[in-house]
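Q: Model the following, please.
(one chain, ligands or ions: 3)
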Amino acid sequence: MTELAAVKAALKTQAVETPSWAYGNSGTRFKVFAQAGVPRDPREKLDDAAKVHEFTGVAPTVALHIPWDKVDDYAALAKYAGERGVKLGAINSNTFQDDDYKLGSICHPDAAVRRKAVDHLLECVDIMDATGSADLKLWFADGTNYPGQDDVRERQDRLAEGLAEVYARLGEGQRMLLEYKFFEPAFYTTDVPDWGTAYAHCLKLGTKAQVVVDTGHHAPGTNIEFIVATLLREGKLGGFDFNSRFYADDDLMVGAADPFQLFRIMYEVVRGGGFGAESGVAFMLDQCHNIEAKIPAIIRSVMNVQEATAKALLVDRGALAAAQREGDVLGANAVLMDAYNTDVRPLLREVRGEMGLDPEPLAAYARSGWAEKIVAERVGGRQAGWGA
Ligand code: LRH
Ligand code: MN
Ligand code: MN
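A: Ligands and ions are numbered 1, 2, ... in the order given. So this is what the prediction gives:
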């Protein structure tokens, strides 16, 4: 195989998971601008996700958020997805929207609230059994707002205890992916604020516990690709929640704010053996499309990930290693920048053609009439999450 053929073959195996909540209405705490035609239930979210996969060919799974995607029969929901050519992916837990969670969930000072939170996580594993999902994605809004509010160390003990109970419930082939976030909604301490804390808990738990890097969950200026390289080296990178940010957890389209950062991350992924199904690294989007059309925005996001991946795969690793060995600072940098500055759009058009797809997913989606159909048929779309 020529090198280009190998790059194309790798791109055809790419899988980007889209989040059910990105298909619903969303907004800021100031206003949700409702869009016509948004899904009214989990099945309609899957219908839309199936369209993203149909036109991109690389978005075969859909993440659920419980209880936002609560249904009576999860096996039936998985079957419904399969009939549309997609599968259910990670099950995302939700321990942040009940009044009981004001002081936290799994780290709450009251054992009864901790019990409720852990029971929810166990229920999520039951759902994984029914859907065939491999990953339980955990994000905790737990933290404190004021110094002295709670015992920070004890909160870590409570976290470890709750996680251990859920870990013990995981079945064969199931994993727990722990997401960190440096602040929000808590403003003084957060119980899982960074990759180090997540890593320490996952290391204690065992091989089925891994860390998720949500690209929007770091302080400005954080070198995310270094974190990626380190976690991969330690065998603890479970996956990504991709999105982009200018300020905080903006949840904008991945690759929109800083495509160069996305490239640098994907280069470390490729370099560290994190690309490809056997690596176990899950590539998921975690975004909200507050003002832009949702399905095209998700298609665009998937394409942005593809472009960054193609550039990362095009890095001349041999030339880079040689320049690095020689201490050729500018030469090494130039090898990386050459790949980044390559226009990979023609290559991706070819890849899509070879996959039997339209080379231009956005144009093909626009021509398909799906947007008009859902606006006509779906009246009363709901907000992502709360009540959806
Ligand atoms: C938290 C988060 C987490 C949630 C999702 C809706 O900010 O990134 O992944 O589950 O947003
Ligand atoms: Mn996330
Ligand atoms: Mn987030």
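
Q: How about whichever residue of the chain sits closest to ligand 1: what's its closest non-neighbour residue?
A: At 3.8 Å from ligand 1, Trp139 is the closest residue in the chain, using CB to the nearest ligand atom. No exception for glycine: its C-beta is placed from N, CA and C like everyone else's. Leaving aside its chain neighbours, Trp139 sits nearest to Glu179 (4.1 Å; criterion: CB to CB, 6 or more residues apart in numbering).

Q: residues near Arg175, how many?
A: By other CB atoms under 10 Å, 23 other residues sit near Arg175.

Q: my guess is it meets Ala209, correct?
A: Yes. Between Arg175 and Ala209 there is a contact at 7.2 Å, judged by CB atoms under 8 Å.

Q: Tell me how far Gln334 lies from Ala323.
A: Not Gln; residue 334 is Ala. Applying CB to CB, to the nearest Å, the value for Ala334 to Ala323 is 8 Å.

Q: Comparing the two, which residue is more hemmed in?
A: Neighbour count, other CB under 10 Å: between Ala334 and Ala323, Ala323 has more, with 19 against 15.

Q: tell me which parts of the stretch 51-200 of the chain are close to ligand 1?
A: Proximity of the stretch 51-200 of the chain to ligand 1, by CB under 6 Å from any ligand atom, involves residues Asn92, Trp139, Glu179, Lys181.

Q: got a list of what the last one touches?
A: Going back to what we said before, that points to Lys181. By CB atoms under 8 Å, 6 or more residues apart in numbering, the residues touching Lys181 are Trp139, Thr190, Val192, Pro193, Asp214, His217, Asp249.

Q: Is it correct that the first one is in contact with Ile106?
A: No. Contact between Trp139 and Ile106 fails when scored by CB under 8 Å: they sit 11.0 Å apart.

Q: quick check, Gly239 in a strand?
A: Yes. Counting by DSSP: H, G, I helix; E, B strand; the rest coil, one finds Gly239 located in a strand.

Q: ok, what's across the strand from it?
A: Counting by DSSP bridges, Gly239 is bridged to Val212, Ala282.

Q: now swap in the one 5 residues further on and tell me
A: With DSSP bridges as the criterion, the beta-bridge partners of Ser244 are Leu252.

Q: so what's it up against?
A: By CB under 8 Å, 6+ apart, Ser244 lies in contact with Thr215, Gly216, Asp250, Leu252, Met253, Val254, Gly255, Ala256, Ala257, Asp258, Leu262.

Q: Leaving out sequence neighbours, find the closest residue to Val213.
A: Counting by CB to CB, 6+ apart, the residue nearest Val213 is Phe240, at 5.3 Å.

Q: Please list all residues in contact with the one you found.
A: Taking CB under 8 Å, 6+ apart as the contact definition, Phe240 lies against Val212, Val213, Asp214, Thr215, Ile265, Val281, Ala282, Phe283, Met284.

Q: Now go through the contacts of Lys181 and say which are in strands.
A: Trp139, Thr190, Asp214 (DSSP state E).

Q: ok, of those, which one's closest to ligand 2?
A: Nearest to ligand 2 among the ones in strands among the contacts of Lys181: Asp214, at 3.8 Å, using CB to the ion.

Q: Find the nearest non-adjacent residue to that closest one, please.
A: Once flanking residues are discounted, Asp214 sits nearest to Asp241: 3.7 Å by CB to CB, 6+ apart.

Q: didn't that neighbour look like it was pressed against Thr215?
A: Yes. When contacts are counted by CB under 8 Å, Asp241 is listed as touching Thr215 (7.0 Å).

Q: So if I had to pick from those two, which one is more boxed in?
A: Counted by other CB under 10 Å, Asp241 and Thr215 do not tie: Asp241 has more neighbours, with 28 against 23.

Q: Tell me how far the more buried one lies from Leu348.
A: In this view, Asp241 and Leu348 are 23 Å apart by CB to CB.

Q: Show the contacting residues for Ala49.
A: Taking CB under 8 Å, 6+ apart, we find Ala49 in contact with Thr18, Ser20, Tyr23, Ala59, Val62, Val86.

Q: Recalculate using a threshold of 7 Å.
A: Thr18, Tyr23, Val62, Val86 (CB atoms under 7 Å, 6 or more residues apart in numbering).

Q: in which helix or strand would I find Leu136?
A: Using DSSP states H and E, Leu136 maps to strand 135-139.

Q: Give the partner strands of that strand in its sheet and their orientations.
A: Each strand paired with strand 135-139, and its direction, by DSSP bridges: strand 87-92 (parallel), strand 175-179 (parallel).
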